[in-house]
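Q: quick one, what's the 3D model for this:
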Amino acid sequence: MRNTIIMAALALCASILTAVQTVISLISGAGACFNDGCQVVEQLSVLSPLVLNLMGLIFFQAVFWSLYFRDRMAASRVDWPGLLLICGLSFDAALMAYQLFAAHALCAYCVLVFAVVLLLNLLYSRRQMALGLVTAAGIMVSFSILTFSPAVAYMPDVSLKNAAYGKKSCSAPSKEVHLIFSADCPHCRAVLDALKNCNSCEFYLNPIEDIAALELPGIERSAGFSPQLNRLVLSVLGIDSVPVLVVRSDEGYRFIKGAGGILDYINQACFTQEEITFFEPSLDIGAEAFSPVSEDDGQCPVASDCLDPLP
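A: I've put the predicted structure just below:
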């Protein structure tokens with residue numbers, strides 16, 4: 001009986017906390033954040049802070065009232081408080097595991113809610129305590145042995161080069177570049193038109209959707225064409241428009257967005273054998289780093305079609 005009173009009071013306090021967070025989220029669009037990890041985790045969730053806090057409020061209210069009417073529900077075959085608590089613990093344990101093993105950032109508010117839910121399970125009964133600990137441990141172990149990067153990134157021989165539709169090069173190319181583009185983007189067509197003449201770059205063409213053919217002379221087709229991987233590269237980099245030029249050099253990779261910047265680079269770097277410095281030093285990146293640069297005009301959104309499609 002004493003534990004039930006303590007649990008009901010704890011659930012009520014948690015309800016008040018989530019209610020305050022809900023109001024703050026409703027007013028500001030984001031909950032009160034106790035540390036930087038909260039902001040990181042919010043960005044990784046498909047649900048808004050408002051929805052998550054509403055879910056928390058409903059959960060703790062359900063726990064409170066199921067404990068309040070526990071004696072009246074004693075004849076029921078369903079242990080409603082225990083069922084609610086184990087469901088809540090499973091949900092919060094999964095959130096905590098994701099933060100630990102995928103996001104590598106802990107939300108202080110999430111940790112507090114998890115601690116409350118775990119404590120409620122521990123106070124409910126010895127059986128519930130054992131079941132809760134086993135459930136939380138199982139979820140944590142499961143997440144610890146998983147990788148959360150896209151599976152295609154771990155397939156053998158996966159690279160932009162192998163994922164290309166094909167390549168166009170002249171004799172003895174001195175530079176390797178990748179053009180990520182869309183078939184329905186007129187700005188992409190402007191870049192493709194510039195590649196009809198022979199130049200000193202080896203161009204790998206990486207469309208983000210399946211295409212039947214490209215009206216570009218001298219293309220050597222690739223057997224491993226993968227538009228999904230080309231889209232994945234843009235997604236990982238947070239780029240939502242095409243065309244994008246990926247320039248490979250001894251120092252690493254450089255990215256140029258927009259037809260204007262890409263055409264400038266091609267004219268300066270690909271129609272001459274001389275090595276040029278196209279980027280300012282502050283925009284250079286290392287061999288293992290990725291950083292989209294050179295914001296420019298002449299772009300089409302990835303999520304929607306452009307007019308004047310490529311024939």
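
Q: switch to C-alpha atoms for all contacts and neighbour counts from now on
A: OK.

Q: now the longest helix seen in the chain: how far from the chain's centre is it?
A: Looking across the chain with DSSP state H, the single longest helix is helix 2-28. Here helix 2-28 is found 31 Å from its chain centre; the criterion is Cα atoms, centre = their mean, to the nearest Å.

Q: got it, and stretch 68-82?
A: Taking Cα atoms, centre = their mean, one finds stretch 68-82 lying 42 Å from the centre of the chain it belongs to.

Q: what's the average pLDDT for it?
A: In this model, stretch 68-82 carries a mean pLDDT of 83.

Q: distance between the ends of that stretch?
A: 13 Å (Cα to Cα, to the nearest Å).

Q: does anything pack onto the longest helix of the chain? Which helices or strands?
A: Using 3 or more Cα pairs under 8 Å, 6 or more residues apart in numbering; DSSP states H and E as the contact test, the elements touching helix 2-28 are helix 49-68, helix 108-124.

Q: now whichever helix or strand comes after that helix: average pLDDT?
A: Going down the chain from helix 2-28, the next helix or strand is helix 36-44, by DSSP states H and E. Across helix 36-44, pLDDT averages out at 71.

Q: now the longest helix of the chain: buried residues?
A: For helix 2-28, a neighbour-count test (16 or more other Cα atoms under 10 Å) marks 4, 7-8, 10-15, 17-25 as buried.

Q: the inter-axis angle of that helix versus helix 49-68?
A: 160 degrees (axes from the mean of the first three to the mean of the last three Cα atoms, to 10 degrees).

Q: what mean pLDDT does helix 2-28 get?
A: For helix 2-28, mean pLDDT is 91.

Q: that helix to helix 108-124, inter-axis angle?
A: 160 degrees.

Q: mind telling me what element residue 136 is part of?
A: Judged by DSSP H and E, residue 136 forms part of helix 126-144.

Q: who's in contact with that helix?
A: Applying Cα atoms under 8 Å, 6 or more residues apart in numbering, the contact partners of helix 126-144 are 82, 86, 89-90, 93-94, 97-98, 101, 118, 121-123.

Q: could you rerun that using 10 Å?
A: 82-83, 85-102, 117-123, 125 (Cα atoms under 10 Å, 6 or more residues apart in numbering).

Q: so which of those residues sit within strands?
A: If you go by DSSP state E, the contacts of helix 126-144 have nothing in strands.

Q: buried ones among those residues?
A: The buried subset of the contacts of helix 126-144 - by 16+ other Cα under 10 Å - is 82, 85-86, 88-90, 92-101, 117-122.

Q: which ones among these lie within helices?
A: Per DSSP H, the buried ones among the contacts of helix 126-144 map to helices at 82, 85-86, 88-90, 92-98, 117-122.

Q: check which helix or strand covers the residue lying closest to residue 160 once chain neighbours are set aside.
A: Of all residues not flanking residue 160 in the chain, residue 230 sits nearest, at 7.0 Å (Cα to Cα, 6 or more residues apart in numbering). Under the criterion of DSSP H and E, residue 230 resides in helix 227-237.

Q: output the contacting helices and strands for that helix.
A: Contacts defined by 3 or more Cα pairs under 10 Å, 6 or more residues apart in numbering; DSSP states H and E place helix 227-237 against helix 160-163, strand 175-181, strand 201-207.

Q: what's the distance between the next helix or strand along the chain from the second one and the middle of its chain?
A: Which is strand 175-181. Proceeding N to C from strand 175-181, the next assigned helix or strand is helix 186-194, under DSSP H and E. Here helix 186-194 is found 29 Å from its chain centre; the criterion is Cα atoms, centre = their mean.

Q: mind saving the C-alpha coords of helix 186-194 as CSV?
A: C-alpha atoms of helix 186-194 as CSV (Å, rounded to 0.1, in the frame of the first residue of the first chain):
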residue,chain,number,x,y,z
PRO,A,186,17.6,21.9,-66.5
HIS,A,187,20.6,23.2,-64.6
CYS,A,188,22.0,19.6,-64.6
ARG,A,189,21.6,19.5,-68.4
ALA,A,190,23.6,22.7,-68.7
VAL,A,191,26.5,21.0,-66.9
LEU,A,192,26.1,17.9,-69.0
ASP,A,193,26.2,19.9,-72.2
ALA,A,194,29.5,21.3,-71.2
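
Q: brilliant, that's me finished.
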